[in-house]
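Colleague: With the input below, show me the fold.
(chains A and B, ligands or ions: 2)
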Amino acid sequence: MQPVGAAVPLRVDIAEKTFRSAQGVSITALQGLSFEVRPGEFACLFGPSGCGKTTTLRILLGLDKDFSGSFQLPQGGSNRIAAVFQEPTLLPWRTVEQNVRLALPKSLRAKSLDELFDTLGLAGMRSLYPAELSLGLARRAALARAFATESAVLFLDEPFASLDEQTAERLRQLLLTVWSARPTTALMVTHNLREALMLSDRIIVLAQRPAHVLGMFDVRLPRQHRNPQVMSDLLRSFQQKFPGVA
Amino acid sequence: MTAKEDKSGRSGFATPLTPALTVTVSLIGLCLLWGLAAHLWQSRAFPPPGQVWQVLLREAASGDLFYHLGATLGRVAAAYVVAMIIGSVIGVILGSYRGADRFFSPWLVLFLNIPALVVIVLAYIWFGLNEAAAIGAVAVNKIPNVVVTMREGARAFDPRYAEMAAVYRFAPLERIRHVLLPQLQPYFAAASRSGIALIWKIVLVVELLGRSNGVGFQIYLYFQLFDVAAILAYTLAFVAVMLVIELLLVQPIERHATRWRRRPA
Ligand SMILES: Nc1ncnc2c1ncn2[C@@H]1O[C@H](COP(=O)(O)OP(=O)(O)O)[C@@H](O)[C@H]1O
Ligand SMILES: [Mg+2]
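Modeller: Ligands and ions are numbered 1, 2, ... in the order given. This is a model prediction of the structure:
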């Protein structure tokens, strides 16, 4: 259970991010947003819908360069990044396996994916096209793609949104299993507090737009001990620390 | 598959017939009608099907038919390749860069409206009566249509796939092959389809005006001899060749390219 990569944290220090519409209306999505995720830590970015979580991830993924401020990604082993987007975003014209392999760097292209596919329950689906998968399976394939890359950092944007609770719960367990096998520094966006408490080492609580950090909530307890009883205790202490947030 | 058959089955008239049989019966019907009309209006200008068939056999036996079909087919293929490549590159650029699109749009409208004949005549005057001028003239006639279609394709690019490819650092060639081209495929197929239909008709004109072989040249020759049976024989032979290409080449390629679409269950 060694954290992967050298001990460089994910450092985020975004001074401001403003969207300007064509009509001249401007929306400040982020302001003075700064936080750190320690190496090998699983952190959740928790905040209300529309507060700027996806915007933050897009900046960190390098997809949006129009902001003021800076950030530093964890390096070490590889400097690759992996992402699980809000939608599965699989190429519809490539099979599940091709989708995963295409995301791999040349040096890993030929590696065996048997174990990963087995763990995620995708073993029989490798040659299917995304249109032949249910949303739950497509999200598993998106997880497989992210974990196969052996990245230095992993970003997830509400990867279990719009699934029924039972499927979402099963996928959370799978996410934990594959992540524990290789604990990458991870930042997951969610507006589901229970999910955040169950998965993360630390929750970064964001305020309403423009997003900035309200505070941190550390969950030091090992994940296997987070049973329903413990979870409701965690929930209560979270609500004490951040009244009115959840 | 079964759903489709059910649907055609319900449409009364075609009930006992498979699609292939329907086509055959329909063509035989056309031939009979033609024969009847030729019988009623007997004229050198309107030969019956049997006579056209005999000319066809004669031309095939002498080898002329295949020589001229081959020449025309070669020009169609060359003009198609040139038009699709140049048109796709320009179309994707215009679809991706709004500034370029705004600047070049008037040019495009101009080229779309130049009659094919003018391009052909000018090409022969400027570049001489040679093969390059002939193929170039046909391609130039087709390129604006390809540009318009491929520009639509590029405008419809889904940015999420490009972002995924950026995050996972796809190499430039992989981006083109696995992200861009599959998104363009339906537009490419549409441009191809209308392209081949347009190109072979223009190729005949080009041959008529400035080449000494090909189906267009032969039609012009037999026009001067007033041999309508030969004109029809060459025309039908070439239409048949284009249909076979559509059936044996275009449709299988398209089926392969769209195999990932969910079949109606
Ligand atoms: N491309 C855009 N143009 C204008 N406004 C945007 C754009 N993307 C997001 N926003 C605005 O920024 C705010 C934050 O959006 P987002 O980061 O998607 O929220 P969430 O926390 O739900 O992921 C929202 O109010 C949204 O309307
Ligand atoms: Mg979001």
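Colleague: can you give me the strands in chain A?
Modeller: A:10-20, A:26-37, A:42-46, A:68-72, A:81-84, A:153-157, A:185-190, A:202-206, A:213-218 (DSSP state E).
Colleague: cool, chain B as well?
Modeller: Per DSSP E, chain B carries no strands over any range.
Colleague: can you name the farthest residue from the center of it?
Modeller: residue B:167 (39.7 Å; C-alpha atoms, centre = their mean).
Colleague: so what's it closest to, chain neighbours aside?
Modeller: Setting aside the residues directly before and after it, residue B:167 is nearest to residue A:83 in space (C-beta to C-beta, 6 or more residues apart in numbering or on different chains), at 4.9 Å. Any C-beta I mention is one placed from the backbone N, CA and C, and that applies to glycine too.
Colleague: can you check residue A:67 too?
Modeller: Counting by C-beta to C-beta, 6+ apart, residue A:17 is the residue found nearest to residue A:67 once chain neighbours are left out, at 4.1 Å.
Colleague: Now find how far off-centre stretch A:225-234 is within its chain.
Modeller: Mean C-alpha position of stretch A:225-234 versus that of the full chain (C-alpha atoms, centre = their mean, to the nearest Å) differs by 22 Å.
Colleague: So what sits opposite the most centrally placed residue in chain A in the bridge?
Modeller: In chain A, the C-alpha nearest the mean C-alpha coordinate belongs to residue A:156, at 2.0 Å (C-alpha atoms, centre = their mean). Listed beta-bridge partners, residue A:156: residue A:84, residue A:188 (assigned using DSSP bridges).
Colleague: separation between it and residue A:144?
Modeller: Computed as C-beta to C-beta, to the nearest Å, the residue A:156 to residue A:144 distance reads 13 Å.
Colleague: For the strands of chain A, give me CSV that also has distance to ligand 1 and mean pLDDT.
Modeller: What follows is those, written out as CSV (distance: least, C-beta to the nearest ligand atom, whole Å; pLDDT from 0 to 100):
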stretch, distance to ligand 1, mean pLDDT
strand A:10-20, 3, 87
strand A:26-37, 4, 87
strand A:42-46, 8, 93
strand A:68-72, 15, 88
strand A:81-84, 14, 92
strand A:153-157, 7, 93
strand A:185-190, 6, 92
strand A:202-206, 8, 91
strand A:213-218, 14, 86
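Colleague: want to throw these into TSV with distance to residue B:162?
Modeller: Putting the strands of chain A into TSV (distance: least, C-beta to C-beta, whole Å) gives the following:
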stretch	distance to residue B:162
strand A:10-20	20
strand A:26-37	22
strand A:42-46	24
strand A:68-72	22
strand A:81-84	13
strand A:153-157	17
strand A:185-190	21
strand A:202-206	28
strand A:213-218	31
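Colleague: Just name the most buried of those strands.
Modeller: Among the strands of chain A, strand A:42-46 has the highest mean neighbour count (mean count of other C-beta atoms under 10 Å in any protein chain shown), at a mean of 26.
Colleague: got the CA positions of it in PDB?
Modeller: As requested, the backbone C-alpha atoms of strand A:42-46 are provided in PDB (Å, rounded to 0.1, in the frame of the first residue of the first chain):
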ATOM      1  CA  PHE A  42      -7.700  10.400  -2.000                       C
ATOM      2  CA  ALA A  43      -9.400  13.800  -1.600                       C
ATOM      3  CA  CYS A  44     -12.900  14.900  -2.400                       C
ATOM      4  CA  LEU A  45     -13.900  18.300  -3.600                       C
ATOM      5  CA  PHE A  46     -17.300  18.700  -2.100                       C
END
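Colleague: Show me how far that strand is from its chain's centre.
Modeller: Relative to its chain's centre, strand A:42-46 lies at 8 Å (C-alpha atoms, centre = their mean).
Colleague: Let me know whether the residue nearest to the centre of chain A touches residue A:84 as I believe.
Modeller: Yes. In this structure, residue A:156 is within contact of residue A:84 by C-beta atoms under 8 Å, at 4.3 Å.
Colleague: so what sits against both of the two?
Modeller: Counting by C-beta atoms under 8 Å, 6 or more residues apart in numbering or on different chains, the residues touching both residue A:156 and residue A:84 are residue A:146.
Colleague: Nearest to ligand 1: which residue in chain B?
Modeller: When distances are taken as C-beta to the nearest ligand atom, chain B approaches ligand 1 most closely through residue B:159, which lies 10.7 Å from it.
Colleague: Contacts only, for that residue.
Modeller: Taking C-beta under 8 Å, 6+ apart as the test, residue B:159 contacts no residue whatsoever.
Colleague: do the same with residue B:112
Modeller: With contacts defined as C-beta under 8 Å, 6+ apart, the neighbours of residue B:112 are B:144-145, B:148.
Colleague: From the residues you listed, pick out the ones that also neighbour chain A.
Modeller: The overlap between those and the neighbourhood of chain A (criterion: C-beta under 8 Å from any C-beta of the partner chain) is empty.
Colleague: so of those, which ones are in helices?
Modeller: Judged by DSSP state H, the subset of the contacts of residue B:112 located in helices is B:144-145, B:148.
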